[in-house]
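> need a 3D model of the following:
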Amino acid sequence: MKNLRILIICFAAVGIFITSCNPDHLTNLNKNPDQIEDIIPEYSFTGALLETTPIRNNNLSQGMQYYSTYKEVPAGGDKFYSFGLGGNFNTYRDELNRLGKIAIALKDDPDNVNMLAAVEMLRIYHVQGITDRMGDVPYSDAMQGLANRKPKYDTQRSIYLSMLSELDAAINSMDNSKPPVFGRADVFYGGDIAKWKKFGYTLMARIGMRMSEVEPALAQQWVEKAAAGGVITDFLDIAYLRYANVTGQFNPRANSMITGNFSAPGGDNVEGGKYAKKFIDYLKDTEDPRLAVISVVWVPLGTTPPTYNADNTAANQKGMLSGSINSYPMEFETYSEPSLLYLDRGSPIVIFEPAEAYLLLAEAALRGWDVGITDAEAYEKAVTAAMKRWALWPDVAPHTGIIQDAEIAAYLSKNPYSGSDEQKFEQIAYQKWVSMFDNEFEVWSNWRRIKLPVFNYANWTRADGTVTSYPGNVSGGRMYRRYSLPIAEQTLNPDNYFEAIERQGFSEENLDLLQGRMWWDLESAGNGSGQSNTN
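Down below sits the predicted model:
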(Lines give C-alpha, C1' and ligand atoms only; values in the text may rest on other atoms or scores of the structure.)
Protein backbone atom coordinates (compact mmCIF):
# COMPACT_ATOMS: atom_id res chain seq x y z
CA MET A 1 0.00 0.00 0.00
CA LYS A 2 2.85 2.30 0.86
CA ASN A 3 4.49 1.56 -2.49
CA LEU A 4 1.22 2.31 -4.28
CA ARG A 5 1.02 5.76 -2.69
CA ILE A 6 4.60 6.46 -3.71
CA LEU A 7 3.82 5.39 -7.28
CA ILE A 8 0.74 7.66 -7.45
CA ILE A 9 2.78 10.62 -6.16
CA CYS A 10 5.47 9.99 -8.77
CA PHE A 11 2.96 9.86 -11.62
CA ALA A 12 1.39 13.09 -10.38
CA ALA A 13 4.78 14.78 -10.29
CA VAL A 14 5.53 13.62 -13.82
CA GLY A 15 2.15 14.93 -14.97
CA ILE A 16 2.84 18.31 -13.43
CA PHE A 17 6.26 18.37 -15.04
CA ILE A 18 4.83 17.49 -18.47
CA THR A 19 2.12 20.15 -18.14
CA SER A 20 4.62 22.78 -17.08
CA CYS A 21 6.76 21.97 -20.14
CA ASN A 22 3.92 22.38 -22.60
CA PRO A 23 5.40 24.45 -25.48
CA ASP A 24 2.24 26.48 -25.91
CA HIS A 25 2.25 27.35 -22.23
CA LEU A 26 5.87 28.46 -22.39
CA THR A 27 5.20 30.51 -25.51
CA ASN A 28 2.32 32.28 -23.84
CA LEU A 29 4.58 33.29 -20.98
CA ASN A 30 6.57 35.42 -23.44
CA LYS A 31 3.52 37.23 -24.78
CA ASN A 32 2.82 40.80 -23.81
CA PRO A 33 -0.85 40.85 -22.70
CA ASP A 34 -1.02 44.57 -23.56
CA GLN A 35 0.28 44.18 -27.13
CA ILE A 36 -1.98 43.66 -30.15
CA GLU A 37 -0.65 40.75 -32.23
CA ASP A 38 -3.11 40.88 -35.13
CA ILE A 39 -2.96 43.90 -37.39
CA ILE A 40 -5.89 46.30 -37.26
CA PRO A 41 -5.94 47.83 -40.75
CA GLU A 42 -7.70 51.05 -39.76
CA TYR A 43 -5.33 51.76 -36.89
CA SER A 44 -2.27 50.91 -38.98
CA PHE A 45 -3.46 53.05 -41.88
CA THR A 46 -3.65 56.12 -39.65
CA GLY A 47 -0.08 55.35 -38.60
CA ALA A 48 0.92 55.03 -42.25
CA LEU A 49 -0.46 58.49 -43.01
CA LEU A 50 1.51 59.95 -40.14
CA GLU A 51 4.61 58.41 -41.69
CA THR A 52 4.19 60.50 -44.86
CA THR A 53 5.59 63.49 -42.94
CA PRO A 54 8.64 64.92 -44.74
CA ILE A 55 11.19 64.81 -41.92
CA ARG A 56 13.29 67.96 -41.77
CA ASN A 57 16.87 67.57 -42.97
CA ASN A 58 19.25 70.36 -41.93
CA ASN A 59 21.70 69.57 -44.73
CA LEU A 60 19.05 69.92 -47.41
CA SER A 61 17.52 73.00 -45.77
CA GLN A 62 20.92 74.67 -45.76
CA GLY A 63 21.91 73.36 -49.19
CA MET A 64 18.74 74.76 -50.72
CA GLN A 65 19.72 78.00 -48.93
CA TYR A 66 16.69 78.41 -46.73
CA TYR A 67 18.95 78.45 -43.67
CA SER A 68 22.52 79.34 -42.86
CA THR A 69 24.67 78.94 -39.76
CA TYR A 70 27.80 80.60 -38.43
CA LYS A 71 28.91 77.38 -36.70
CA GLU A 72 31.01 74.69 -38.31
CA VAL A 73 29.76 71.35 -36.99
CA PRO A 74 26.07 71.73 -37.95
CA ALA A 75 26.99 73.23 -41.34
CA GLY A 76 26.61 70.05 -43.41
CA GLY A 77 24.73 71.90 -46.15
CA ASP A 78 25.97 75.43 -45.49
CA LYS A 79 29.72 75.00 -45.49
CA PHE A 80 29.67 71.28 -46.43
CA TYR A 81 31.78 70.73 -43.35
CA SER A 82 30.86 67.05 -43.10
CA PHE A 83 29.01 64.33 -44.96
CA GLY A 84 25.48 64.49 -43.67
CA LEU A 85 23.48 62.48 -46.19
CA GLY A 86 24.20 58.91 -45.18
CA GLY A 87 21.41 56.75 -46.54
CA ASN A 88 19.60 53.89 -44.88
CA PHE A 89 16.99 51.30 -45.75
CA ASN A 90 14.78 52.00 -42.74
CA THR A 91 11.82 52.76 -45.01
CA TYR A 92 11.73 49.10 -46.04
CA ARG A 93 11.65 48.01 -42.41
CA ASP A 94 9.19 50.65 -41.24
CA GLU A 95 6.80 52.34 -43.71
CA LEU A 96 6.82 49.67 -46.43
CA ASN A 97 6.59 46.88 -43.89
CA ARG A 98 3.56 48.50 -42.26
CA LEU A 99 1.84 49.04 -45.60
CA GLY A 100 2.62 45.48 -46.69
CA LYS A 101 0.98 44.07 -43.57
CA ILE A 102 -2.12 46.20 -44.14
CA ALA A 103 -2.35 44.94 -47.72
CA ILE A 104 -2.07 41.31 -46.59
CA ALA A 105 -4.84 41.82 -44.05
CA LEU A 106 -7.15 43.30 -46.71
CA LYS A 107 -6.33 41.38 -49.87
CA ASP A 108 -8.84 38.54 -49.64
CA ASP A 109 -11.98 40.69 -49.55
CA PRO A 110 -12.97 42.28 -52.90
CA ASP A 111 -14.85 44.98 -50.99
CA ASN A 112 -11.51 46.36 -49.79
CA VAL A 113 -10.41 47.55 -53.23
CA ASN A 114 -10.45 51.27 -52.35
CA MET A 115 -8.48 50.74 -49.18
CA LEU A 116 -5.94 48.61 -51.02
CA ALA A 117 -5.60 51.33 -53.67
CA ALA A 118 -4.83 54.00 -51.06
CA VAL A 119 -2.29 51.69 -49.42
CA GLU A 120 -0.65 51.18 -52.81
CA MET A 121 -0.45 54.93 -53.41
CA LEU A 122 1.32 55.42 -50.09
CA ARG A 123 3.69 52.56 -50.88
CA ILE A 124 4.66 54.20 -54.17
CA TYR A 125 4.99 57.58 -52.43
CA HIS A 126 7.64 56.06 -50.13
CA VAL A 127 9.37 54.06 -52.88
CA GLN A 128 9.95 57.27 -54.85
CA GLY A 129 11.55 58.77 -51.77
CA ILE A 130 13.94 55.82 -51.47
CA THR A 131 15.06 55.80 -55.10
CA ASP A 132 15.28 59.59 -55.34
CA ARG A 133 17.66 59.59 -52.39
CA MET A 134 19.94 56.76 -53.46
CA GLY A 135 19.29 55.90 -57.10
CA ASP A 136 19.33 52.18 -57.89
CA VAL A 137 17.86 50.29 -54.91
CA PRO A 138 16.16 46.91 -54.30
CA TYR A 139 12.62 46.89 -55.65
CA SER A 140 11.42 43.80 -57.51
CA ASP A 141 13.25 41.54 -55.03
CA ALA A 142 12.58 43.68 -51.97
CA MET A 143 10.28 42.96 -49.03
CA GLN A 144 10.62 39.16 -49.25
CA GLY A 145 12.02 38.68 -45.76
CA LEU A 146 14.04 35.55 -45.14
CA ALA A 147 13.06 34.24 -48.56
CA ASN A 148 15.52 36.67 -50.14
CA ARG A 149 18.01 38.36 -47.84
CA LYS A 150 20.18 39.56 -50.72
CA PRO A 151 17.83 41.34 -53.13
CA LYS A 152 19.12 42.65 -56.42
CA TYR A 153 19.21 46.40 -57.06
CA ASP A 154 16.84 47.55 -59.79
CA THR A 155 17.77 50.42 -62.09
CA GLN A 156 16.07 53.68 -61.23
CA ARG A 157 14.48 53.77 -64.67
CA SER A 158 12.84 50.39 -64.17
CA ILE A 159 11.65 51.44 -60.70
CA TYR A 160 10.08 54.56 -62.18
CA LEU A 161 8.26 52.65 -64.88
CA SER A 162 7.00 50.15 -62.32
CA MET A 163 5.83 52.90 -59.97
CA LEU A 164 3.86 54.62 -62.71
CA SER A 165 2.15 51.49 -64.03
CA GLU A 166 1.34 50.29 -60.51
CA LEU A 167 0.01 53.69 -59.52
CA ASP A 168 -2.16 53.80 -62.63
CA ALA A 169 -3.56 50.36 -61.80
CA ALA A 170 -4.30 51.38 -58.22
CA ILE A 171 -6.20 54.50 -59.27
CA ASN A 172 -8.18 52.61 -61.91
CA SER A 173 -9.12 49.90 -59.41
CA MET A 174 -11.04 52.32 -57.20
CA ASP A 175 -14.77 51.71 -57.18
CA ASN A 176 -17.42 54.12 -55.86
CA SER A 177 -19.77 51.20 -55.18
CA LYS A 178 -17.35 49.72 -52.65
CA PRO A 179 -16.66 50.89 -49.07
CA PRO A 180 -14.64 54.13 -48.72
CA VAL A 181 -10.98 54.45 -47.74
CA PHE A 182 -10.88 53.57 -44.04
CA GLY A 183 -13.50 56.16 -43.03
CA ARG A 184 -12.52 58.15 -39.95
CA ALA A 185 -9.14 56.40 -39.82
CA ASP A 186 -8.28 58.29 -43.01
CA VAL A 187 -7.01 61.54 -41.50
CA PHE A 188 -6.37 62.98 -44.95
CA TYR A 189 -9.77 62.70 -46.57
CA GLY A 190 -12.15 60.85 -44.26
CA GLY A 191 -12.45 58.03 -46.79
CA ASP A 192 -13.33 60.19 -49.81
CA ILE A 193 -12.54 58.11 -52.90
CA ALA A 194 -12.58 61.05 -55.33
CA LYS A 195 -10.00 62.91 -53.27
CA TRP A 196 -7.77 59.86 -53.08
CA LYS A 197 -7.85 59.65 -56.87
CA LYS A 198 -6.65 63.26 -57.00
CA PHE A 199 -3.88 62.35 -54.55
CA GLY A 200 -2.85 59.50 -56.84
CA TYR A 201 -2.89 61.61 -60.00
CA THR A 202 -0.87 64.37 -58.29
CA LEU A 203 1.71 61.76 -57.28
CA MET A 204 1.69 60.53 -60.88
CA ALA A 205 2.36 64.06 -62.12
CA ARG A 206 5.25 64.46 -59.68
CA ILE A 207 6.81 61.13 -60.71
CA GLY A 208 6.21 61.77 -64.39
CA MET A 209 7.72 65.26 -64.34
CA ARG A 210 10.87 63.91 -62.70
CA MET A 211 11.66 62.26 -66.05
CA SER A 212 11.25 65.47 -68.07
CA GLU A 213 14.93 65.94 -68.90
CA VAL A 214 16.00 62.35 -69.43
CA GLU A 215 12.92 60.96 -71.23
CA PRO A 216 10.65 63.87 -72.15
CA ALA A 217 8.26 61.85 -74.32
CA LEU A 218 7.63 59.38 -71.51
CA ALA A 219 7.27 62.20 -69.01
CA GLN A 220 4.74 63.92 -71.26
CA GLN A 221 2.67 60.74 -71.55
CA TRP A 222 2.32 60.32 -67.80
CA VAL A 223 1.87 63.97 -66.87
CA GLU A 224 -0.86 64.34 -69.48
CA LYS A 225 -2.55 61.21 -68.10
CA ALA A 226 -2.38 62.69 -64.59
CA ALA A 227 -3.82 66.00 -65.75
CA ALA A 228 -6.67 64.26 -67.57
CA GLY A 229 -7.42 62.18 -64.49
CA GLY A 230 -7.57 65.24 -62.25
CA VAL A 231 -4.89 66.45 -59.84
CA ILE A 232 -5.34 68.37 -56.58
CA THR A 233 -6.52 71.86 -57.50
CA ASP A 234 -8.90 72.76 -54.68
CA PHE A 235 -8.06 74.01 -51.20
CA LEU A 236 -10.37 71.35 -49.76
CA ASP A 237 -8.32 68.60 -51.44
CA ILE A 238 -5.08 69.39 -49.60
CA ALA A 239 -3.56 66.31 -48.01
CA TYR A 240 -2.18 67.44 -44.69
CA LEU A 241 -1.64 66.30 -41.12
CA ARG A 242 -3.06 68.18 -38.16
CA TYR A 243 -1.22 68.50 -34.87
CA ALA A 244 -1.86 70.06 -31.48
CA ASN A 245 0.34 71.97 -29.06
CA VAL A 246 -0.03 69.14 -26.59
CA THR A 247 2.66 66.70 -25.49
CA GLY A 248 2.46 63.64 -27.71
CA GLN A 249 0.68 65.53 -30.49
CA PHE A 250 3.42 67.97 -31.54
CA ASN A 251 4.20 68.78 -35.16
CA PRO A 252 7.48 66.81 -35.44
CA ARG A 253 9.13 69.27 -37.83
CA ALA A 254 8.34 72.30 -35.70
CA ASN A 255 9.32 70.46 -32.55
CA SER A 256 12.68 69.42 -33.99
CA MET A 257 13.42 73.01 -35.01
CA ILE A 258 12.57 74.31 -31.55
CA THR A 259 14.56 71.68 -29.66
CA GLY A 260 17.41 71.70 -32.18
CA ASN A 261 17.98 75.40 -32.81
CA PHE A 262 15.23 77.92 -32.09
CA SER A 263 14.48 77.07 -28.47
CA ALA A 264 13.85 80.66 -27.35
CA PRO A 265 13.33 84.05 -29.03
CA GLY A 266 16.49 86.13 -29.31
CA GLY A 267 20.04 85.41 -28.23
CA ASP A 268 22.39 82.78 -29.63
CA ASN A 269 20.58 79.88 -31.26
CA VAL A 270 21.69 76.36 -30.38
CA GLU A 271 22.89 75.55 -33.91
CA GLY A 272 23.77 79.13 -34.79
CA GLY A 273 21.12 79.12 -37.50
CA LYS A 274 19.19 81.89 -39.21
CA TYR A 275 17.37 82.24 -42.50
CA ALA A 276 19.73 82.40 -45.48
CA LYS A 277 20.38 85.60 -47.41
CA LYS A 278 19.33 84.03 -50.73
CA PHE A 279 15.88 83.16 -49.38
CA ILE A 280 15.16 86.40 -47.54
CA ASP A 281 16.49 88.61 -50.34
CA TYR A 282 14.25 86.90 -52.89
CA LEU A 283 11.16 87.39 -50.72
CA LYS A 284 12.07 91.03 -50.10
CA ASP A 285 12.94 91.83 -53.71
CA THR A 286 9.64 90.42 -54.95
CA GLU A 287 7.68 92.03 -52.09
CA ASP A 288 6.27 88.64 -51.18
CA PRO A 289 3.54 88.84 -48.49
CA ARG A 290 4.64 85.43 -47.19
CA LEU A 291 7.71 87.08 -45.69
CA ALA A 292 5.66 88.63 -42.88
CA VAL A 293 4.05 85.25 -42.21
CA ILE A 294 7.14 83.09 -41.83
CA SER A 295 9.95 85.45 -40.80
CA VAL A 296 10.84 87.50 -37.73
CA VAL A 297 13.74 89.52 -36.35
CA TRP A 298 13.98 89.47 -32.55
CA VAL A 299 14.79 93.01 -31.41
CA PRO A 300 16.36 93.25 -27.91
CA LEU A 301 14.60 95.70 -25.60
CA GLY A 302 17.61 96.34 -23.38
CA THR A 303 16.10 94.77 -20.27
CA THR A 304 17.60 92.49 -17.64
CA PRO A 305 16.94 89.64 -18.04
CA PRO A 306 16.85 90.23 -21.79
CA THR A 307 13.49 90.40 -23.52
CA TYR A 308 12.76 90.77 -27.21
CA ASN A 309 10.18 92.26 -29.51
CA ALA A 310 8.99 90.33 -32.59
CA ASP A 311 9.52 92.42 -35.72
CA ASN A 312 8.09 91.02 -38.94
CA THR A 313 8.35 94.24 -40.94
CA ALA A 314 9.48 93.22 -44.41
CA ALA A 315 12.11 95.96 -44.71
CA ASN A 316 13.83 94.81 -41.49
CA GLN A 317 14.23 91.17 -42.47
CA LYS A 318 17.79 90.08 -43.24
CA GLY A 319 19.31 86.75 -44.16
CA MET A 320 22.77 85.42 -43.32
CA LEU A 321 25.05 84.74 -46.30
CA SER A 322 25.58 81.00 -46.64
CA GLY A 323 29.04 79.61 -46.01
CA SER A 324 30.56 83.02 -45.26
CA ILE A 325 31.36 83.04 -41.51
CA ASN A 326 32.44 80.57 -38.84
CA SER A 327 32.30 82.58 -35.62
CA TYR A 328 29.56 84.44 -33.78
CA PRO A 329 28.88 87.66 -35.72
CA MET A 330 28.18 90.78 -33.71
CA GLU A 331 25.07 91.43 -35.83
CA PHE A 332 23.71 87.91 -35.26
CA GLU A 333 20.52 89.14 -33.59
CA THR A 334 19.68 91.29 -36.60
CA TYR A 335 19.22 88.26 -38.87
CA SER A 336 15.79 86.76 -39.57
CA GLU A 337 14.63 83.41 -38.30
CA PRO A 338 11.39 81.38 -38.47
CA SER A 339 8.36 83.07 -36.95
CA LEU A 340 6.51 81.64 -33.98
CA LEU A 341 3.62 81.00 -36.36
CA TYR A 342 5.84 78.70 -38.43
CA LEU A 343 7.38 77.14 -35.31
CA ASP A 344 4.02 76.47 -33.66
CA ARG A 345 4.02 72.88 -32.39
CA GLY A 346 0.31 72.79 -33.22
CA SER A 347 0.78 73.79 -36.86
CA PRO A 348 -0.01 71.42 -39.77
CA ILE A 349 2.27 69.59 -42.18
CA VAL A 350 1.23 69.67 -45.83
CA ILE A 351 1.88 66.54 -47.93
CA PHE A 352 0.20 67.37 -51.27
CA GLU A 353 -1.40 70.65 -52.22
CA PRO A 354 -2.78 72.64 -55.18
CA ALA A 355 0.30 74.87 -55.39
CA GLU A 356 2.56 71.96 -56.32
CA ALA A 357 0.00 70.48 -58.71
CA TYR A 358 -0.50 73.78 -60.52
CA LEU A 359 3.24 74.36 -60.80
CA LEU A 360 3.62 70.93 -62.37
CA LEU A 361 0.84 71.81 -64.82
CA ALA A 362 2.41 75.20 -65.54
CA GLU A 363 5.74 73.59 -66.40
CA ALA A 364 4.03 70.94 -68.52
CA ALA A 365 2.02 73.52 -70.43
CA LEU A 366 5.14 75.62 -70.99
CA ARG A 367 6.76 72.54 -72.53
CA GLY A 368 3.82 72.35 -74.95
CA TRP A 369 2.11 69.38 -73.31
CA ASP A 370 -1.67 69.10 -73.30
CA VAL A 371 -2.74 69.42 -69.66
CA GLY A 372 -5.99 71.34 -70.10
CA ILE A 373 -4.70 74.71 -68.88
CA THR A 374 -2.26 77.35 -70.07
CA ASP A 375 1.04 77.83 -68.31
CA ALA A 376 0.14 81.42 -67.38
CA GLU A 377 -3.20 80.43 -65.85
CA ALA A 378 -1.66 77.52 -63.97
CA TYR A 379 1.15 79.73 -62.68
CA GLU A 380 -1.20 82.35 -61.25
CA LYS A 381 -3.38 79.67 -59.65
CA ALA A 382 -0.24 78.12 -58.15
CA VAL A 383 0.89 81.39 -56.58
CA THR A 384 -2.59 82.05 -55.24
CA ALA A 385 -2.87 78.56 -53.75
CA ALA A 386 0.64 78.79 -52.26
CA MET A 387 -0.30 81.94 -50.39
CA LYS A 388 -3.77 80.77 -49.36
CA ARG A 389 -2.39 77.60 -47.76
CA TRP A 390 -0.91 79.60 -44.86
CA ALA A 391 -4.45 80.07 -43.57
CA LEU A 392 -4.11 76.51 -42.26
CA TRP A 393 -1.63 77.81 -39.66
CA PRO A 394 -2.99 79.30 -36.42
CA ASP A 395 -2.18 83.01 -36.05
CA VAL A 396 0.62 83.88 -33.64
CA ALA A 397 1.01 87.63 -33.12
CA PRO A 398 2.30 89.62 -34.88
CA HIS A 399 1.93 87.05 -37.66
CA THR A 400 -1.20 85.90 -39.44
CA GLY A 401 -1.37 83.15 -42.02
CA ILE A 402 -4.28 84.83 -43.79
CA ILE A 403 -3.01 86.59 -46.89
CA GLN A 404 -5.66 88.80 -48.46
CA ASP A 405 -6.75 88.56 -52.10
CA ALA A 406 -5.58 92.14 -52.67
CA GLU A 407 -2.09 91.25 -51.47
CA ILE A 408 -1.95 88.28 -53.85
CA ALA A 409 -3.15 90.41 -56.76
CA ALA A 410 -0.56 93.07 -55.96
CA TYR A 411 2.20 90.44 -55.86
CA LEU A 412 1.20 89.02 -59.25
CA SER A 413 1.06 92.51 -60.70
CA LYS A 414 4.54 93.38 -59.41
CA ASN A 415 5.95 90.03 -60.53
CA PRO A 416 4.20 89.21 -63.81
CA TYR A 417 4.67 85.84 -65.42
CA SER A 418 6.41 86.92 -68.60
CA GLY A 419 9.54 86.82 -70.69
CA SER A 420 11.23 84.05 -72.66
CA ASP A 421 10.53 80.37 -72.01
CA GLU A 422 13.78 80.18 -70.05
CA GLN A 423 12.68 83.08 -67.85
CA LYS A 424 9.29 81.46 -67.31
CA PHE A 425 10.92 78.15 -66.34
CA GLU A 426 12.95 80.09 -63.81
CA GLN A 427 9.83 81.77 -62.39
CA ILE A 428 8.13 78.39 -61.96
CA ALA A 429 11.22 76.93 -60.28
CA TYR A 430 11.54 79.85 -57.88
CA GLN A 431 7.87 79.61 -56.95
CA LYS A 432 8.30 75.92 -56.15
CA TRP A 433 11.35 76.80 -54.05
CA VAL A 434 9.36 79.37 -52.06
CA SER A 435 6.02 77.59 -51.83
CA MET A 436 7.48 74.22 -50.77
CA PHE A 437 10.22 75.40 -48.45
CA ASP A 438 8.88 73.13 -45.71
CA ASN A 439 9.47 70.10 -47.95
CA GLU A 440 13.15 70.53 -48.69
CA PHE A 441 13.55 66.99 -50.03
CA GLU A 442 11.11 67.60 -52.87
CA VAL A 443 12.66 71.01 -53.60
CA TRP A 444 16.13 69.41 -53.65
CA SER A 445 14.89 66.78 -56.10
CA ASN A 446 13.36 69.44 -58.33
CA TRP A 447 16.61 71.45 -58.19
CA ARG A 448 18.65 68.42 -59.20
CA ARG A 449 16.30 67.83 -62.13
CA ILE A 450 16.16 71.33 -63.68
CA LYS A 451 19.15 73.04 -61.95
CA LEU A 452 17.02 75.97 -60.74
CA PRO A 453 17.16 78.10 -58.68
CA VAL A 454 20.85 78.77 -59.15
CA PHE A 455 22.67 78.79 -55.81
CA ASN A 456 26.07 80.20 -54.98
CA TYR A 457 28.17 77.99 -52.72
CA ALA A 458 31.36 80.11 -52.90
CA ASN A 459 30.99 82.86 -50.31
CA TRP A 460 34.11 82.52 -48.17
CA THR A 461 36.44 85.53 -48.46
CA ARG A 462 40.15 84.71 -48.28
CA ALA A 463 42.73 87.00 -46.72
CA ASP A 464 43.66 88.22 -50.19
CA GLY A 465 40.05 89.23 -50.87
CA THR A 466 39.20 86.45 -53.32
CA VAL A 467 36.00 84.49 -52.79
CA THR A 468 35.85 80.70 -52.69
CA SER A 469 33.95 77.84 -51.13
CA TYR A 470 34.42 77.23 -47.42
CA PRO A 471 37.95 75.92 -46.65
CA GLY A 472 37.91 72.34 -45.43
CA ASN A 473 34.59 71.47 -47.06
CA VAL A 474 34.17 67.80 -47.97
CA SER A 475 32.16 68.09 -51.19
CA GLY A 476 34.44 70.15 -53.43
CA GLY A 477 32.29 73.16 -52.64
CA ARG A 478 29.29 71.59 -54.36
CA MET A 479 25.83 70.66 -53.12
CA TYR A 480 25.22 66.95 -52.57
CA ARG A 481 23.35 65.18 -55.36
CA ARG A 482 22.56 61.88 -53.63
CA TYR A 483 22.54 60.01 -50.35
CA SER A 484 25.14 57.31 -49.85
CA LEU A 485 23.92 53.74 -49.85
CA PRO A 486 23.95 51.99 -46.44
CA ILE A 487 27.53 50.98 -45.69
CA ALA A 488 26.29 47.69 -44.22
CA GLU A 489 25.29 46.57 -47.71
CA GLN A 490 28.98 46.08 -48.51
CA THR A 491 28.93 43.17 -46.07
CA LEU A 492 25.32 41.99 -46.17
CA ASN A 493 24.67 42.14 -49.91
CA PRO A 494 28.07 42.79 -51.54
CA ASP A 495 27.56 41.37 -55.03
CA ASN A 496 24.39 43.31 -55.71
CA TYR A 497 25.69 46.40 -53.94
CA PHE A 498 28.92 46.69 -55.93
CA GLU A 499 27.14 45.84 -59.19
CA ALA A 500 24.69 48.69 -58.52
CA ILE A 501 27.25 51.37 -57.74
CA GLU A 502 29.44 50.36 -60.69
CA ARG A 503 26.39 50.52 -62.97
CA GLN A 504 25.72 54.07 -61.76
CA GLY A 505 29.30 55.13 -62.38
CA PHE A 506 30.60 56.00 -58.92
CA SER A 507 32.71 54.51 -56.17
CA GLU A 508 31.11 54.31 -52.76
CA GLU A 509 34.43 53.51 -51.10
CA ASN A 510 35.71 56.96 -52.01
CA LEU A 511 32.39 58.51 -50.96
CA ASP A 512 32.30 60.18 -54.39
CA LEU A 513 31.79 63.49 -52.53
CA LEU A 514 28.10 62.47 -52.80
CA GLN A 515 28.10 63.80 -56.36
CA GLY A 516 26.82 60.63 -58.07
CA ARG A 517 23.70 61.50 -60.00
CA MET A 518 20.21 60.14 -60.26
CA TRP A 519 19.15 58.67 -63.61
CA TRP A 520 17.01 61.78 -64.21
CA ASP A 521 19.69 64.30 -63.09
CA LEU A 522 21.53 64.98 -66.35
CA GLU A 523 25.13 66.10 -65.96
CA SER A 524 25.04 67.86 -69.32
CA ALA A 525 22.49 70.32 -67.91
CA GLY A 526 24.91 71.57 -65.23
CA ASN A 527 25.03 71.73 -61.45
CA GLY A 528 22.53 74.43 -60.50
CA SER A 529 25.23 76.52 -58.83
CA GLY A 530 26.98 79.78 -59.63
CA GLN A 531 30.29 81.26 -58.57
CA SER A 532 29.50 84.84 -57.62
CA ASN A 533 27.92 86.47 -54.61
CA THR A 534 25.02 87.67 -56.74
CA ASN A 535 23.75 84.14 -57.38
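> low pLDDT regions in this structure?
1-37, 508-511, 531-535 (pLDDT under 70).
> who's in contact with residue 492?
Contact analysis of residue 492 by CB atoms under 8 Å, 6 or more residues apart in numbering lists 149-150. In this view, the C-beta of every residue, glycine as well, is placed from N, C-alpha and C.
> and the biggest strand by length in the chain, what does it pack against?
Taking DSSP state E as the criterion, the chain has its longest strand at strand 295-300. Applying 3 or more CB pairs under 8 Å, 6 or more residues apart in numbering; DSSP states H and E, one finds that strand 295-300 contacts strand 308-311, strand 337-338.
> buried deepest among the ones you listed, which one?
Ranked by mean neighbour count under mean count of other CB atoms under 10 Å, the helices and strands packed on strand 295-300 are led by strand 337-338, which reaches a mean of 23.
> sheet-wise, list the partners of that one with their directions.
Its sheet considered, strand 337-338 pairs with strand 295-300 (antiparallel) by DSSP bridges.
> list the buried residues in the strand it pairs with.
Going by neighbour count (16 or more other CB atoms under 10 Å), the buried part of strand 295-300 is 295-299.
> and for stretch 231-247?
So for stretch 231-247, counting by 16+ other CB under 10 Å, buried means 231-233, 237-241, 243.
> repeat for stretch 60-78
So for stretch 60-78, counting by 16+ other CB under 10 Å, buried means 60-71, 74-78.
> ok so, going back, out of the helices and strands packed on strand 295-300, which gets nearest to residue 163?
Across the helices and strands packed on strand 295-300, residue 163 has its closest neighbour in strand 337-338 (33.6 Å, CB to CB).
> next, the contact list for residue 209, please.
219, 223, 360, 363-364, 449.
> sorry, slip of the keys, the one I care about is residue 128.
163, 203, 206-207, 210.
> cool, and residue 503?
Taking CB under 8 Å, 6+ apart, one finds 136, 153, 155 in contact with residue 503.
> with residue 205 instead?
222-223, 226-227, 231, 357, 360-361, 364.
> try it again at 10 Å.
219, 222-227, 229, 231-232, 356-357, 359-361, 363-364, 371 (CB atoms under 10 Å, 6 or more residues apart in numbering).
> of those residues, select the buried ones using a PyMOL command.
Buried residues among these (16+ other CB under 10 Å), as a PyMOL selection:
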select buried, resi 219+222+223+224+225+226+227+229+231+232+356+357+359+360+361+363+364+371
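> in strands, which of the contacts of residue 205 fall?
Short answer: these have none in strands (DSSP E).
> now, which of the contacts of residue 205 lie within helices?
Among the contacts of residue 205, the ones falling in helices (DSSP state H) are 219, 222-227, 229, 356-357, 359-361, 363-364.
> and the residues you listed, which is closest to residue 422?
Nearest member of the ones in helices among the contacts of residue 205 to residue 422, counting by CB to CB, is residue 363, at 12.6 Å.
> verify the stated contact: that closest one with residue 220.
No: here residue 363 does not reach residue 220: they are 11.3 Å apart, not a contact under CB atoms under 10 Å.
> show me whatever sits in contact with both of those two.
With CB under 10 Å, 6+ apart as the test, residue 363 and residue 220 both reach 209, 212, 369, 371.
> would you tell me which one of the residues you listed comes nearest to residue 416?
For these, the nearest to residue 416 is residue 371 (21.5 Å; CB to CB).
> quick check: the nearest residue to the closest one once chain neighbours are set aside vs residue 424, distance?
Spatial nearest neighbour of residue 371, excluding adjacent residues (CB to CB, 6 or more residues apart in numbering): residue 227 at 3.7 Å. Remark: distance between residue 227 and residue 424 (CB to CB, to the nearest Å) = 18 Å.
> kindly report the same for residue 253.
31 Å.
> now do residue 344
In terms of CB to CB, residue 344 sits 35 Å off from residue 424.
> kind regards, and thank you for your time.
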